[in-house]
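> task: produce atomic coordinates for the following.
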Amino acid sequence: MNTNNGGPVRWWILVFTSIAMFGNYYVYDSIAPVADLLQRQLGFSSTQIGTLNAIYSAPNIFMAVVGGVLVDRFGAARVTFWTTLLCLIGAVATAVGHDFYVMAAGRLVFGLGAETMINATLAALGIWFGGKGVALAMALNISFARLGSYAADLSPTYAAGLYERGWQPPLWFGAAIMAIGLAAAAAYWWIDARAGKGQPAHGGSERFNWSDIWRFNRSYWYLVALCVLFYSVIFPFRSTFAIVYFQNAHGLPLEAAGRMNSYVFLAAIFVTPLFGWISDRFGHRTRLLMLGSLLLPLSFVILAATSWNLWITTALIGISFSLVPAVLWPCVSQLVEPKRLGTAFGLMDALQNTGLTIANVAAGALNDVSHAGPANPGGYASMLAFFGVLGALGFVFAWLLRRRELGPSGHGLERPAPSL
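All right, here's what the predicted structure looks like:
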């Protein structure tokens, strides 16, 4: 079995981590399709529904950095398996609970595992693929993960019978998918160990010093700011409020609203690897980040100020959601040394989840204060403005990153990657 970065083992690593990520993303996005059912059958408010996703993010404000350190210390494969197990436990607890606090506890446990699992996967691909096609590998992994989100959005159509039985059966279905993800994580750990990389990356024996966090360069911090602002728009809108917004503000039935929302991920599934390949092949990464981050606030301006067809903003958000992650995450592996990749991804994730927590609750609160709903579709204007401002700030940091990388302090982000 070839254990070099150029050998076939890395592709098996990609396959099994991608299956596990499919389950992770499906369970995360399983809340949006049942949001209307939770409101009608359990009497949940918009703030409570926002909290179900916000509480996923809340523990990772603190735990993501710890998880990143654990990845560097104990190895990506081992950490991936145990955090995937936490994801399954959280998914089951969410499906069990009729009470809001029980469901919230399940989402909390799921969140404790999910974000560290994502960081472990990114670190594994960064180590196994190195500089040779890492953007394409990460893009393929992200695409398969987003196939899970697409499947969750589309579930009211292909699993309509589950939704006819209430809010609970769809969540049990998500837990079953997460169980398949756990099996894939176990297979990844086994293959990784056989290949001789089951041990911590690069020995993992060096003690972590918290002061090392402040030694990351300025380009990394610009990338972190862009990441936080970008995802604080994408996930709270797409994964929490988009479907109910399409229902109440545009009069779409649940099935049509779910399909419309799913097209964002459907486009990303196919286009993200293309952008990853373009990034590897031609470079110009900061220019690509600027383009992708500009499309996001533009889409909210169109939603708030026009009556244009929803296909237009769906296409813009889809391109943005395909382009930015395909370039952003591989850039970290170029800005940070391999032995600190887990910590770098963990810190990034911690700050990202701070933004997700605040944005989910803030958007839900804005909707409640504005009495947004089917009787008052104009009440969603404040939420759209909030997301538009965050998106515009993200573009500013993409521009600052480009300015720095074009100067003498650049890290080669504009250069093509070595061939596979």
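> low-confidence ranges in the stretch 251-400 of the chain?
Within the stretch 251-400 of the chain, no stretch has pLDDT under 70.
> then the stretch 1-150 of the chain?
Residues of the stretch 1-150 of the chain that meet the cut-off, pLDDT under 70, sit at 1-7, 130-132.
> could you pull out the helices for it?
9-28, 31-42, 46-57, 60-74, 76-96, 100-129, 134-158 (DSSP state H, counting those that start in this stretch).
> may I see the ones you listed organised as TSV, with distance to residue 219 and mean neighbour count added?
Backbone N, C-alpha and C define where each C-beta goes, glycine included. Below are the helices of the stretch 1-150 of the chain laid out as TSV (distance: least, Cβ to Cβ, whole Å; neighbours: other Cβ atoms under 10 Å):
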stretch	distance to residue 219	mean neighbour count
helix 9-28	27	24
helix 31-42	34	20
helix 46-57	25	24
helix 60-74	19	22
helix 76-96	24	24
helix 100-129	17	25
helix 134-158	16	24
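> make TSV out of those helices and add distance to residue 391.
Below are these laid out as TSV (distance: least, Cβ to Cβ, whole Å):
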stretch	distance to residue 391
helix 9-28	21
helix 31-42	20
helix 46-57	18
helix 60-74	21
helix 76-96	29
helix 100-129	22
helix 134-158	19
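> do you know which of those helices lies nearest residue 344?
helix 60-74 (7.0 Å; Cβ to Cβ).
> now for that closest one, which elements pack on it?
Judged by 3 or more Cβ pairs under 8 Å, 6 or more residues apart in numbering; DSSP states H and E, helix 60-74 is in contact with helix 76-96, helix 100-129, helix 341-369.
> to residue 299, which of these lies closest?
Once the helices and strands packed on helix 60-74 are compared by Cβ to Cβ, helix 341-369 is nearest, at 15.4 Å.
> tell me how many other residues crowd residue 172.
Counted with other Cβ atoms under 10 Å, the neighbours of residue 172 add up to 15.
> same question for the helix or strand where residue 176 lies, mean pLDDT?
Residue 176 is part of helix 168-194, with elements assigned from DSSP states H and E. Average pLDDT, helix 168-194: 92.
> quick one: list the elements packing against it.
Short answer (3+ Cβ pairs under 8 Å, 6+ apart): helix 168-194 packs on helix 9-28, helix 31-42, helix 76-96, helix 100-129, helix 134-158, helix 160-164.
> can you give the contact residues for the shortest one?
For helix 160-164, contacts defined as Cβ atoms under 8 Å, 6 or more residues apart in numbering pick out 33-34, 37, 155-156, 169-170, 173, 254-255.
> can you add distance to residue 113 and give these back as JSON lines?
Shown next, in JSON lines, are the contacts of helix 160-164 (distance: Cβ to Cβ, whole Å):
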{"residue": "33", "distance to residue 113": "22"}
{"residue": "34", "distance to residue 113": "21"}
{"residue": "37", "distance to residue 113": "25"}
{"residue": "155", "distance to residue 113": "22"}
{"residue": "156", "distance to residue 113": "26"}
{"residue": "169", "distance to residue 113": "23"}
{"residue": "170", "distance to residue 113": "21"}
{"residue": "173", "distance to residue 113": "19"}
{"residue": "254", "distance to residue 113": "29"}
{"residue": "255", "distance to residue 113": "31"}
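> using JSON lines, please lay out the helices and strands packed on helix 60-74 together with distance to residue 248.
Converted to JSON lines, the helices and strands packed on helix 60-74 look like this (distance: least, Cβ to Cβ, whole Å):
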{"stretch": "helix 76-96", "distance to residue 248": "24"}
{"stretch": "helix 100-129", "distance to residue 248": "21"}
{"stretch": "helix 341-369", "distance to residue 248": "10"}
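> what's the closest of those to residue 390?
Using Cβ to Cβ, the helices and strands packed on helix 60-74 put helix 341-369 closest to residue 390, at 7.0 Å.
> that closest one packs against which elements?
helix 46-57, helix 60-74, helix 100-129, helix 218-235, helix 310-335, helix 381-405.
> in the helix holding residue 176, which residues are buried?
168-171, 173-175, 177-179, 181-182, 184-189, 191-192 (16 or more other Cβ atoms under 10 Å).
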